[in-house]
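Enquirer: Any chance you could fold what I've pasted below:
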Amino acid sequence: MIWRYIKNEIYLILTLLGLLLMGLLCWLGSSMTEQFGLNFFTEILGVAVTVFIIDILIQKREENRNIPLKLAAYEDIRLYTSRYICFWTQTFRESVPEKDPETLQDFFSENGMTKILGYLYLDSEPSVSPPVKWWNWIIHNANEFKENGIRILDRYPQLLDPIAFGYLHQLTESLFNMTLLNISPIRQGDIIENFPRIQVLGNYAMKPRIEDYEAILGLVKWYEESYSRLKKHSPLIKEVIKYTPNKEKVMPPKSMIPQNILEKQIIDLKNYRQRNK
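Expert: Okay, here's the model as predicted:
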């Protein structure tokens, strides 16, 4: 808290330190300015102590007044982040024929989540009820991430610290999420043009960027730190989600593109390109 206060009030602190230094130099530097320097130094020191004490008390009162809103913001971001992590880890488990990455940092990296793009067969069905194709389930969740992110940003614009605000904005407006929302128009265009695109996610959406991985991991770190600060204010506050790799994965995953379908779609694509040279 002290370091955060210093960072926020750095210009005021430097100004007062400069005035104190000037008074000290006048006091100790010459007998002609000794009395003036002593009076100036003590006056500025009194002002500094008064300003900082009053400012800290005001900030403490404002912080206590905002506790209910901070608890609400924490819960909204916790739910958003948990939903984001759960959705993509479950998608990985249902589509990628490999063991789960060992840590959350490994999952949200080029060697983790990105693998979903090459294996997820969009014409299959996720493990949800009522039954739905991945075409629609991906779009539904991408739209939910965008709308919920915008809602949180609009609800707490003055309350969220800039770091958390930036992370959430990155996920809400990411190019990756934007391309997920455009799966349906791309698919409709393929139907109109009779283009036999291979129906895995990577052919309809771009890869997440490093900034996307940094944002979700940054939000996890943010609400871990927020939990430590806020748990004393509410017995109902929930702990952060814990990432646990699945050790008993069914192979092959139910939503992995079947080899025979993949081979057929590759052949159809080659034939299309031959016909349209």
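Enquirer: Surely residue 48 and residue 15 touch.
Expert: No: contact criterion Cβ atoms under 8 Å: residue 48 and residue 15 do not qualify, at 9.7 Å. Where you see a C-beta, it was placed from the backbone N, CA and C, and this is true even at glycine.
Enquirer: more crowded one of those two?
Expert: Counted by other Cβ atoms under 10 Å, residue 48 and residue 15 do not tie: residue 48 has more neighbours, with 17 against 12.
Enquirer: and that one, what element?
Expert: Assigned by DSSP states H and E, residue 48 belongs to helix 34-65.
Enquirer: average pLDDT for that helix?
Expert: Helix 34-65 carries an average pLDDT of 70.
Enquirer: Ok, stretch 97-106 next?
Expert: 94.
Enquirer: Kindly report the same for stretch 190-198.
Expert: Mean predicted confidence for stretch 190-198 is 94.
Enquirer: cool, and stretch 158-171?
Expert: The model assigns stretch 158-171 a mean pLDDT of 90.
Enquirer: Put the alpha carbons of it into CSV.
Expert: This file holds the C-alpha atoms of stretch 158-171, laid out as CSV (Å, rounded to 0.1, in the frame of the first residue of the first chain):
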residue,chain,number,x,y,z
GLN,A,158,-13.2,4.3,-12.2
LEU,A,159,-12.8,1.3,-9.8
LEU,A,160,-10.6,-1.1,-11.7
ASP,A,161,-6.9,-0.4,-11.6
PRO,A,162,-5.3,0.3,-15.0
ILE,A,163,-3.6,-3.1,-15.2
ALA,A,164,-6.8,-5.1,-14.7
PHE,A,165,-8.7,-2.8,-17.0
GLY,A,166,-6.1,-3.3,-19.7
TYR,A,167,-6.1,-7.0,-19.4
LEU,A,168,-9.8,-7.3,-19.6
HIS,A,169,-10.0,-4.9,-22.6
GLN,A,170,-7.4,-7.0,-24.4
LEU,A,171,-9.5,-10.1,-24.1
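Enquirer: And the helices in the stretch 151-277 of the chain, which stretches?
Expert: Along the stretch 151-277 of the chain, the segments classed as helices by DSSP state H, counting those that start in this stretch run 162-172, 175-181, 183-193, 210-230, 259-275.
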